[in-house]
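Visitor: model this:
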Amino acid sequence: MKPDTKSAAAANSERMTWVQKKALIAAFLGWAFDGLDGYLYVMVAGPFVGRLLGGKAANDPETISKATIIQAVFLVGWAVGGAVFGRVGDKLGRAKTLTLTVLTYAIFTGLSFFATEWWHLMIFRFIAALGIGGEWAAGSALVSETLPTRHRVWGSALLQSGYMTGCIMASVTSGLMRGLDPKWVFVVGVLPAFLTVFIRAAVPEPEHWKAEAGKGEHPPVTALFAPSLRRTTILLSLFNSLSLVMAWAFLFFVPMAIGEMDAVKDWPAEDKAALKTRVAVVFFAANIGGNFIATYLAQRFGYRVSFVTMLAVALVAFLVGFRLDLTPSNIYVITSVCFCFGLGFFGNFPLYVPPLFPTLVRTLGAGFTYNIGRLISAVGVFFAGSIAHTHGAAKAVWWTSFLFIPTILVAMMLPEPPRESDAGARGPFPAR
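Guide: Alright, predicted model coming up:
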């Protein structure tokens, strides 16, 4: 009977409690609203920035230039927020920081409605990005320290799918509101503020964090580059930097590429917006499938194999797909395959990165290494913008896809999370 008793106890310990479910729900919704507030601008960037510039066309060179600068500054804010709120999350707590970050990006996304100059919009987007960058680190750390071991792999795919769900919400929002002034979409971005009420009322701080924080010893920021963590910090930062350049080149320039297609460029603005919405919904849905493919591969073969496999397929898909002449018929297939594999491996990130760092630098480590790539991606988007200005948005995506090659090489060197028995001060994590 004893073995059966032990088995029953083990099974019960692996079941998700209501508190754990609420933590997962809060992190999922926070990441979903990240996607909503982050992608609303992308869907209306051309027409909105054009209006702020005195009524210029969405494809006017100045409009494209200013819209690209705003997006680059947004990515810089995302990087800064990831580092700053990462430190706050280790000191103040995961749930409290999650509340603060969601409130920040909700308020300043809403304030974008009041922008009357392009640089007003740039400032509002920068501050909103601080919260968006911080939310990922706080939410992923919260879930990694709360969720039972057996649920963490699929929990990672679910969390990352939250972001794509938010992007779908942004795409649908812009589509439904395409007959209105573009500024009205940002009013919808205020909705996440109501999520903070749920987080504060329902989600406690993880017991593991409270136990460590109670000791009163918070390692300095430089601990990320201590001998035991230096290699992990550098490799993750490099991997995420390369990955995010490709991700944002796709996300930012594909809507422009759709509008530039020969069969579409003379369509009325509302028809173009409707097509962009339909295509975005399809490729975001495909990406959600990619998240689960990536986590399945990670569970069966390890994270390195998962990353390399997804990236290799993406390299071929991008180089072949964006070499073709884009049409309303093939754009759905090309973008779906590219986005499924080219960004599906991000499904591993939420619960892959936090276990690689000790508890009291976990949010900082996740925030820094994941979001430092925003700085590089900001530069990447800026240079891709110069390609788009000269050769078109599709060519900007095609040239950027060559970055998959060095990304694959870095992926081969990435560490695997510590086994449960070896986790030590890093906390209990799934064996791999």
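
Visitor: Quick check: next helix or strand after the helix or strand in which L364 is found?
Guide: Secondary-structure assignment from DSSP states H and E places L364 in helix 362-391. Sequence order places helix 393-400 as the next helix or strand after helix 362-391, per DSSP H and E.

Visitor: neighbours around the nearest residue to T407 once chain neighbours are set aside, how many?
Guide: Sequence neighbours aside, L242 is the residue nearest to T407 in space, at 4.2 Å (criterion: CB to CB, 6 or more residues apart in numbering). (C-beta placed from N, C-alpha, C; glycine too.) Under the neighbour criterion other CB atoms under 10 Å, L242 is assigned a count of 24.

Visitor: Pull the distance from the helix holding L364 to the chain's centre.
Guide: Averaging C-alpha positions (CA atoms, centre = their mean, to the nearest Å) puts helix 362-391 12 Å from its chain's average.

Visitor: pLDDT on that helix, on average?
Guide: Helix 362-391 carries an average pLDDT of 74.

Visitor: Was I right to think the residue nearest to T407 contacts G373?
Guide: Yes: between L242 and G373 a contact is recorded at 7.5 Å, counting by CB atoms under 8 Å.

Visitor: Which neighbours do those two have in common?
Guide: Residues touching both L242 and G373 (CB atoms under 8 Å, 6 or more residues apart in numbering): there are none.

Visitor: Which residue ranges of the stretch 101-250 of the chain form helices?
Guide: Secondary structure of the stretch 101-250 of the chain (DSSP state H, counting those that start in this stretch): helices located at 118-144, 152-176, 185-188, 195-202, 207-213, 230-260.

Visitor: Deepest in the core, which of those is it.
Guide: helix 118-144 (a mean of 26; mean count of other CB atoms under 10 Å).

Visitor: For the longest helix that the chain contains, which residues meet the burial criterion?
Guide: Scanning the chain for the helix with the most residues, using DSSP state H, yields helix 18-52. Residues 20, 22-52 are the ones in helix 18-52 that count as buried (16 or more other CB atoms under 10 Å).

Visitor: Quick check, pLDDT for the most centrally placed residue in the chain.
Guide: With the centre of the chain defined as its mean C-alpha position, the nearest residue by CA atoms, centre = their mean is Y163, 6.1 Å away. Looking at Y163, its pLDDT reads 85.

Visitor: mind listing what S140 touches?
Guide: 27, 159, 349-351, 353-354, 366.

Visitor: Helix or strand: which one has F404?
Guide: Using DSSP H and E, F404 falls in helix 404-411.

Visitor: How far off centre is that helix?
Guide: 19 Å.

Visitor: Give me the contact list for that helix.
Guide: So helix 404-411 is contacted by 235, 238-239, 242-243, 246, 304, 307-308, 311-312, 314-315, 318, 342 (CB under 8 Å, 6+ apart).

Visitor: Hmm, F368 and W136 touching each other?
Guide: No: counting by CB under 8 Å, W136 does not reach F368; the two are 11.4 Å apart.

Visitor: got any residues that touch both of these two?
Guide: G82.

Visitor: And the residue lying closest to A202 once chain neighbours are set aside, how close does it get to N291?
Guide: Closest residue to A202 apart from its sequence neighbours, by CB to CB, 6+ apart: K22 at 4.7 Å. Look at K22 and N291: by CB to CB, to the nearest Å, they are 22 Å apart.

Visitor: Now the residue nearest to P206 when sequence neighbours are not counted: phi and psi?
Guide: Excluding its sequence neighbours, the residue lying closest to P206 (CB to CB, 6+ apart) is E145, at 3.8 Å. Main-chain torsions, E145, degrees, to the nearest 10: phi -90, psi -10.

Visitor: same question, F357
Guide: The phi/psi pair for F357 (degrees, to the nearest 10) is phi -130, psi 150.

Visitor: now do the one 3 residues further on
Guide: Comment: the main-chain dihedrals of L360 come out as phi -80, psi 0, following degrees, to the nearest 10.

Visitor: Correct me if wrong: it contacts P220.
Guide: No: counting by CB under 8 Å, no contact exists between L360 and P220, whose distance comes to 10.4 Å.

Visitor: per-residue pLDDT, S421?
Guide: 37.

Visitor: which sections of the chain are below the confidence cut-off?
Guide: Within the chain, the stretches with pLDDT under 70 are 1-14, 200, 212-216, 377-378, 380-382, 385, 389-390, 419-432.

Visitor: which ones are touching the residue nearest to G134 when sequence neighbours are not counted?
Guide: Nearest non-adjacent residue to G134, counting by CB to CB, 6+ apart: F85, 2.5 Å away. Applying CB under 8 Å, 6+ apart to F85 gives the contacts 97, 100-101, 130-131, 133-135, 137-138, 363, 367.

Visitor: just T233 next, same as before
Guide: So T233 contacts 224-225, 365, 368-369 (CB under 8 Å, 6+ apart).

Visitor: repeat that for 7 Å
Guide: Neighbour list for T233: 224-225, 365, 369 [criterion: CB atoms under 7 Å, 6 or more residues apart in numbering].

Visitor: got TSV for those, with distance to V264 and neighbour count too?
Guide: Below are those laid out as TSV (distance: CB to CB, whole Å; neighbours: other CB atoms under 10 Å):
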residue	distance to V264	neighbour count
L224	46	22
F225	49	12
G365	44	25
T369	39	28
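
Visitor: Sort out which one of those residues lies nearest E207 for me.
Guide: G365 (20.1 Å; CB to CB).
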